[in-house]
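Enquirer: Give me a model of this one.
(one chain, ligands or ions: 1)
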Amino acid sequence: MRSSLARVLEGYEQAAAEAEERLAAAADIGAVADIERDLLGRRSRFTAAKRQLGDLDPGERAEAGRRLNAARQRVETSVAAARTRLTAAARADRHAAERLDLTERLPQAAPLRRGSFHPVTQARDRLEDVFIGMGYTVAEGPEVESAWYNFEALNIPEWHPARGSFDTIFVNLGEPEQVMLRSHTSPVQIRVMENRKPPIYIVAPGRTFRADTADATHLPAFNQIEGLAIDRNITMGDLAGTIDEFVRAFFGTEVKSRLRPSYFPFTEPSAEFDISRPDGSWLELGGCGMVHPNVLRNCGIDPEQWQGFAFGFGIDRLAVMRHEIDDIREFVNNDVRFLSQF
Ligand code: DAH
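Expert: Next comes the predicted model:
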């Protein structure tokens with residue numbers, strides 16, 4: 001082999017070996033193309049060496065050709081590997097740049113804030129649960145009532161002085177003073193007795209209205225719960241026991257209840273019931289009594305066969321008592337700092 005070709009071949013083999021390292025370090029596709037042109041292009045030493053092969057004897061040519069091809073293949077393999085590596089890296093970069101983050105997460109500093117039911121709603125739900133546990137069902141009636149349901153059927157005729165004590169809010173509809181916002185939940189007693197046959201055991205919670213100025217212990221729109229039990233041989237003892245049982249279930253065993261004789265047109269005898277406060281004093285909670293025979297008759301129930309008791313009291317007052325709140329108006333101020341305590 002002529003020495004000039006031998007030098008060219010050796011130089012090329014050397015360059016091919018170096019190219020492997022340069023290609024492995026190439027940072028982008030452009031650098032790979034430069035190296036490729038340098039080593040395999042028209043003006044490369046490879047092309048020059050190939051040209052010189054024609055001048056050699058056939059024997060020498062085969063040997064030189066084999067070496068040149070081996071070096072070329074080495075370069076081509078390294079170029080292909082570098083291209084594959086860089087194309088994959090470029091694709092990965094592009095995917096990372098184009099990636100859409102579809103997850104939504106609240107910043108860790110702001111924990112989930114949960115709401116809660118209004119304390120009056122909580123008290124109502126709990127009362128319902130206590131009475132359902134005693135075998136009662138829940139009944140409902142309308143908030144706008146007629147004089148029949150709100151007064152007359154409850155043994156409060158037009159002339160009765162008790163009508164005045166209710167501070168009724170009338171609705172400007174029909175005959176004067178015949179349609180009103182219900183001033184108590186007692187009309188639900190009438191609606192239930194008209195529609196069902198005894199035995200009857202119901203409670204009826206709901207909103208009630210009176211022309212009262214709001215103060216620490218009164219709201220013009222407030223909530224009551226009515227109870228009605230009609231069965232055979234019901235006595236005042238059943239009434240006292242029921243009230244005692246509910247007070248205990250609602251407040252716990254340390255709270256006591258007592259009945260005081262009173263007057264309501266729809267019960268005879270009638271009583272008011274109080275519950276004991278931690279300081280030993282008594283708080284008036286509501287009224288109760290044995291359902292008046294006139295009321296039973298007004299609903300088509302024979303008082304000779306059926307007797308019953310009824311009671312009614314304010315749910316808001318119960319919630320005030322339970323949570324030791326000084327001013328009942330807090331319930332309607334809608335101040336979240338107050339409400340979030342329950
Ligand atoms: N309805 C009466 C009121 O609002 C409370 C009441 C008293 C209800 C006696 C009753 C009862 O069922 O028997 O003042």
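Enquirer: Where does the residue nearest to A48 when sequence neighbours are not counted fall, secondary structure wise?
Expert: Closest residue to A48 apart from its sequence neighbours, by Cβ to Cβ, 6 or more residues apart in numbering: V8 at 6.4 Å. Every C-beta, even on glycine, is put in place using the N, C-alpha and C of the backbone. In this structure, V8 sits in helix 3-25 according to DSSP states H and E.
Enquirer: Contacts made by that helix with the rest, please.
Expert: For helix 3-25, the external contacting residues (Cβ atoms under 8 Å, 6 or more residues apart in numbering) are 1, 32, 35, 38-39, 45-46, 48-49, 52-53, 55-56, 64, 67-68, 71-72, 74-75, 78-79, 81-82.
Enquirer: In strands only, show me the residues you listed.
Expert: Of the contacts of helix 3-25, none are assigned to strands by DSSP state E.
Enquirer: For PyMOL, what selects the buried ones among those residues?
Expert: If you want just the buried ones from the contacts of helix 3-25 in PyMOL, going by 16 or more other Cβ atoms under 10 Å, the selection is:
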select buried, resi 32+35+38+39+45+46+49+52+56+64+67+68+71+72+74+75+78+79+82
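Enquirer: okay, and for the stretch 1-150 of the chain, where does confidence drop off?
Expert: By pLDDT under 70, the weakly predicted segments of the stretch 1-150 of the chain are 1-3.
Enquirer: Which single residue of it ends up nearest the ligand?
Expert: Of all residues in the stretch 1-150 of the chain, N150 sits closest to the ligand, at 9.8 Å by Cβ to the nearest ligand atom.
Enquirer: what about the residue in the stretch 101-250 of the chain that the ligand sits nearest to, neighbour count?
Expert: When scored by Cβ to the nearest ligand atom, the stretch 101-250 of the chain has H184 as its residue closest to the ligand, at 3.4 Å. For H184, the count of nearby residues is 25 (other Cβ atoms under 10 Å).
Enquirer: Where does the nearest residue to it once chain neighbours are set aside fall, secondary structure wise?
Expert: Leaving out its chain neighbours, the residue that sits closest to H184 by Cβ to Cβ, 6+ apart is T208, at 5.5 Å. Following DSSP H and E, the helix or strand that holds T208 is strand 200-209.
Enquirer: How far away from the center of its chain is that strand?
Expert: Distance of strand 200-209 from its chain centroid, counting by Cα atoms, centre = their mean, to the nearest Å, is 27 Å.
Enquirer: in it, what's buried?
Expert: For strand 200-209, a neighbour-count test (16+ other Cβ under 10 Å) marks I200, Y201, I202, V203, A204, P205, G206, T208, F209 as buried.
Enquirer: Just give the nearest non-adjacent residue to the fourth one, would you?
Expert: What it means is V203. Using Cβ to Cβ, 6+ apart, the nearest residue to V203 is F131, at 4.4 Å.
Enquirer: Determine the three-state secondary structure at the one you found.
Expert: Following DSSP: H, G, I helix; E, B strand; the rest coil, the label given to F131 is helix.
Enquirer: do E175 as well
Expert: coil.
Enquirer: Mind pulling the model confidence for it?
Expert: Looking at E175, its pLDDT reads 94.
Enquirer: Dihedrals phi and psi, it?
Expert: When quoted as degrees, to the nearest 10, the phi and psi of E175 stand at phi -60, psi 150.
Enquirer: That one: how many residues sit nearby?
Expert: Using other Cβ under 10 Å, E175 is surrounded by 8 other residues.
Enquirer: Now do the residue of the chain positioned farthest from its centre against L106, distance only.
Expert: Using Cα atoms, centre = their mean, the residue of the chain lying farthest from its centre is D57. It sits 92.9 Å away. Applying Cβ to Cβ, to the nearest Å, the value for D57 to L106 is 83 Å.
Enquirer: Determine the three-state secondary structure at the closest residue to D28 other than its chain neighbours.
Expert: Excluding its sequence neighbours, the residue lying closest to D28 (Cβ to Cβ, 6+ apart) is L86, at 6.2 Å. On the three-state scheme (three-state DSSP), L86 is labelled helix.
Enquirer: List the contacts of L86.
Expert: With contact taken as Cβ under 8 Å, 6+ apart, L86 is in contact with A26, D28, I29, V32.
Enquirer: show me which of those residues neighbour the ligand.
Expert: Among those, not one lies near the ligand by Cβ under 6 Å from any ligand atom.
Enquirer: Turn those into a markdown table, including distance to R99.
Expert: Shown next, in a markdown table, are those (distance: Cβ to Cβ, whole Å):
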| residue | distance to R99 |
| --- | --- |
| A26 | 26 |
| D28 | 22 |
| I29 | 22 |
| V32 | 27 |
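Enquirer: Filter the residues you listed down to the buried ones, PyMOL style.
Expert: Buried residues among the contacts of L86 (16+ other Cβ under 10 Å), as a PyMOL selection:
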select buried, resi 26+32
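Enquirer: quick check, nearest of the contacts of L86 to P269?
Expert: Of all the contacts of L86, D28 has the smallest distance to P269: 101.3 Å, by Cβ to Cβ.
Enquirer: quick one, phi/psi of that closest one?
Expert: Here is the backbone geometry of D28 (degrees, to the nearest 10): phi -150, psi 170.
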